[in-house]
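A.B. asks: Turn this into a model:
(2 chains)
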2 protein chains.
Amino acid sequence: MTTLRETIEEANAEALRRMLAADPVLVDVIPAGEAMPSLGGRTILHAGPPIDWDSMCGPMRGAVAGIAVFEGWAPDLKTATTMAAEGMFSFEPNHHYDAVGPMTGMTTVTQPVMVVENRAFGNRAYCAINEGLGKVMRFGGNDEEVRARLRWIRDILGPAFGRALRGSSGIELKNIIARGLTMGDEMHQRNVGCSGLLLRSIAPSLARIGIDHQDLADVLAFIAGNDQFFLNVAMAMGKAIMDPVRDIDGSTVVTAMSRNGTNFGIRVSGTGDRWFTAPVEMPAGLYFPGFTEDDANPDMGDSTIVETIGLGGFAMAAAPAVAGFVGAGAASDAANYTRSMSEITLAENPEWTIPALDYAGVPTGIDIRLVVETGIVPTINTGIAHKLPGVGQVGAGVVKAPRACFEQALLAFADEMGVAA
Amino acid sequence: MTTLRETIEEANAEALRRMLAADPVLVDVIPAGEAMPSLGGRTILHAGPPIDWDSMCGPMRGAVAGIAVFEGWAPDLKTATTMAAEGMFSFEPNHHYDAVGPMTGMTTVTQPVMVVENRAFGNRAYCAINEGLGKVMRFGGNDEEVRARLRWIRDILGPAFGRALRGSSGIELKNIIARGLTMGDEMHQRNVGCSGLLLRSIAPSLARIGIDHQDLADVLAFIAGNDQFFLNVAMAMGKAIMDPVRDIDGSTVVTAMSRNGTNFGIRVSGTGDRWFTAPVEMPAGLYFPGFTEDDANPDMGDSTIVETIGLGGFAMAAAPAVAGFVGAGAASDAANYTRSMSEITLAENPEWTIPALDYAGVPTGIDIRLVVETGIVPTINTGIAHKLPGVGQVGAGVVKAPRACFEQALLAFADEMGVAA
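C.D. replies: Just a heads-up that it's a prediction; the model follows:
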């Protein structure tokens, strides 16, 4: 007879096997409504676990108003806000639609989404295209400048990117991550290496589709001008990797971490699609000139899917330059973050290794038991949004996943396994 | 009265000031004959200090034959070899024409050269475009495949690259190097970060010149497909930085290190354009499958200009992934190479810093006195050519600059300064 411990170990071995066997490939860019046929009109997908209008933070409310105007559901931001308060839009998590979105994470029917296919398991995951830095919708920006950029992404960039991908054999992402880890990226707050590698992969195909030279130049300049362009690709990849791990009986591996700006939520393989939530924490970080901690919104976004697969804060040792950017100490301290995350994970990823640690793999497979036992919680590298609607990004920092999520999950897991409390 | 030591210290401070004040910008690509009006027909510029046909190593002879056929001076390789032996070509160092070239370093009249302008001093330096890896002319390759690629570079890539640069404000290289050092590059054997940054800078301008979409796709694919594309840019930059330092009375700073496959040569600021030479050493390295040390040609190329400005082997700490590639030990050993080079240099470059060393600058300004006193010689990261003509690259490794060059230079310098032997 197998013991409970053996059952869990076997289940976790299977979870880890699926994570490491994943083969994520960026294959297409299509409108969200086409990618997700069940996505209705006036439905707004947001980051994090479920939330209603009344509980939404400032930047998420700002983004909701902006995306409603962008979709033509409201004539202006004020009307959009009133309509939202009156319940005229449906709110659902990206995670319930095979999708993820950074920060506020707005996904609606006409927005183009990048499609990452996990060829080992056949599932697909989606994420909108990164808008660039500064005043952007993911940080709560919503004015005409922000919306005009989204229209250009919808009308020019998205279709061109999709045609270029369909004209290629797709971009294999595991290799890009492996190289990015040798180029100082951790794929959450630093994506300059991977963004360059992605441009190198797609630029010839973009030229081959034969669009107008000025549009092509604009598309290349947009991708080339955004060091964080790859973040959204990494997020769709993370979702594509973790979704096949979502329902293994007896596994204590975390399959998603996500925040809606109000609550932090996690999902665990052995407890399926249930969310375990707790109030989000405030990032400790560095602020752009003119902003302080008083301006900051608490932690937000689906981007923690990146940490869920061993990157971001977990791969800080690969990215000493990011340590200073997020206020995590000296560059030489970066390795300590990765070593610490090894205490709450099951294994090192043999394909995603860190030269500065003599090719140790990134810490992979967060085990809720280890988090609760050690008291060490996942470290997340994050952007910081202004707490008011319409402003945008004000800094970057490091934030902790709330321990309460993991404690709740472990209690529910124990219950599921028939262990008396 | 100033002492000799004070004179030297002042001269070296001036040398260092000029190195750090340099402002190298990639501004154009033009035919070598246009860049260097004194470059005559049937003149072949080569890497390293001066050398005649009889003393040339196998791969350099192979490249000479290949470039003579490419230029239409000979109908085939055999005839070209006979013509070379009969003295029908003039051989001169790239360094005598404001130019540099990797490995065999062939530069001839119709080849396109990249132009780096040092805007702080007004001088220009030149380097041919990197051909890619494998069987290429810089490693002694010379067959029709190699020559066809050079023709495509001359007819399509070079003119397009030049037009794109002239349509832009140029690419400022100091910033690219600063970023590349945070992306695991040392700019000699690893240029993947900088090659991506260069593509990001030039791709929109390339699209804007409006050439045929397939040619544009080919140009983008060629640049994107070559991790070492940036090496030749870094070399022209190195030459542009060091040339204004070439003639400071009393300075013991090395202004060039270069090898022709037979001899290693250095130049020192206080002794002007005189070369101090000694036989080149054999790199210690790792070989591509099917090749061994028995196949290897000794050290070759002008690419040591990269070490002369504090990159390459001097910046190994920035590039732990390259340590394994060149057989220089574990990734964690990389920092030791940089620390060791600090013993023979005057300063750290405050603008080119290494995150993993908590932003210490790269070791800058090689002082021949320190080399002779400590016995520590410059460490160079290098490619390894097959010793026979026509084969190509067989590996990569680390090689030492011969101590004898520095000893000779110090004696000549002492003589110049009126110090009795």
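
A.B. asks: From now on I want contacts and neighbour counts done on CA atoms only, so please keep to that.
C.D. replies: OK.

A.B. asks: what does chain A have sitting close to chain B?
C.D. replies: A:182-185, A:193, A:196-197, A:199-201, A:203-208, A:210, A:213-214, A:216-218, A:220-221, A:224-225, A:320-321, A:330-332, A:355-359 (CA under 8 Å from any CA of the partner chain).

A.B. asks: ok, of those, which come out buried?
C.D. replies: When these are checked for burial by 16 or more other CA atoms under 10 Å in any protein chain shown, the buried set is A:182-185, A:193, A:196-197, A:199-201, A:203-208, A:213, A:216-218, A:220-221, A:224-225, A:320-321, A:330-332, A:355-357, A:359.

A.B. asks: Filter the residues you listed down to the ones in helices?
C.D. replies: A:193, A:196-197, A:199-201, A:203-208, A:213, A:216-218, A:220-221, A:224, A:320-321 (DSSP state H).

A.B. asks: Surely A:Pro389 is in a strand?
C.D. replies: No - counting by DSSP: H, G, I helix; E, B strand; the rest coil, A:Pro389 falls outside a strand, being coil.

A.B. asks: And the residue of the stretch 51-200 of chain A closest to chain B?
C.D. replies: Nearest residue of the stretch 51-200 of chain A to chain B: A:Met183, at 4.0 Å (CA to the nearest CA).

A.B. asks: Next, give phi and psi for that residue.
C.D. replies: Main-chain torsions, A:Met183, degrees, to the nearest 10: phi -120, psi 20.

A.B. asks: who touches the nearest residue to it once chain neighbours are set aside in this structure?
C.D. replies: Closest residue to A:Met183 apart from its sequence neighbours, by CA to CA, 6 or more residues apart in numbering or on different chains: B:Met183 at 4.0 Å. By CA atoms under 8 Å, 6 or more residues apart in numbering or on different chains, B:Met183 lies in contact with A:182-185, A:193, B:193, B:318-319.

A.B. asks: how about 6 Å then?
C.D. replies: Counting by CA atoms under 6 Å, 6 or more residues apart in numbering or on different chains, B:Met183 touches A:183-184, B:193.

A.B. asks: And it, what's its pLDDT?
C.D. replies: If you check B:Met183, the pLDDT there is 97.

A.B. asks: How about A:Ile376?
C.D. replies: A:Ile376 carries a pLDDT score of 98 in this model.

A.B. asks: quick one: it is in a strand?
C.D. replies: No - counting by three-state DSSP, A:Ile376 is not found in a strand; it is coil.

A.B. asks: Which residue ranges of the stretch 301-421 of chain A form helices?
C.D. replies: Along the stretch 301-421 of chain A, the segments classed as helices by DSSP state H, counting those that start in this stretch run A:305-308, A:320-325, A:334-341, A:368-374, A:403-416.

A.B. asks: now the stretch 151-300 of chain A
C.D. replies: Along the stretch 151-300 of chain A, the stretches classed as helices by DSSP H, counting those that start in this stretch are A:158-166, A:173-180, A:192-208, A:213-224, A:231-242.

A.B. asks: So what touches the first one?
C.D. replies: Put plainly, it is helix A:158-166. Against helix A:158-166 from outside (CA under 6 Å, 6+ apart): A:27-29, A:112, A:205-206.

A.B. asks: Where does the record place the domain boundaries for chain A?
C.D. replies: Domain segmentation of chain A under automatic domain parsing yields A:23-235, A:245-416.

A.B. asks: Identify whichever of these lies nearest to B:Met235.
C.D. replies: Closest approach to B:Met235 among the domains of chain A is made by domain A:23-235 (21.2 Å; CA to CA).
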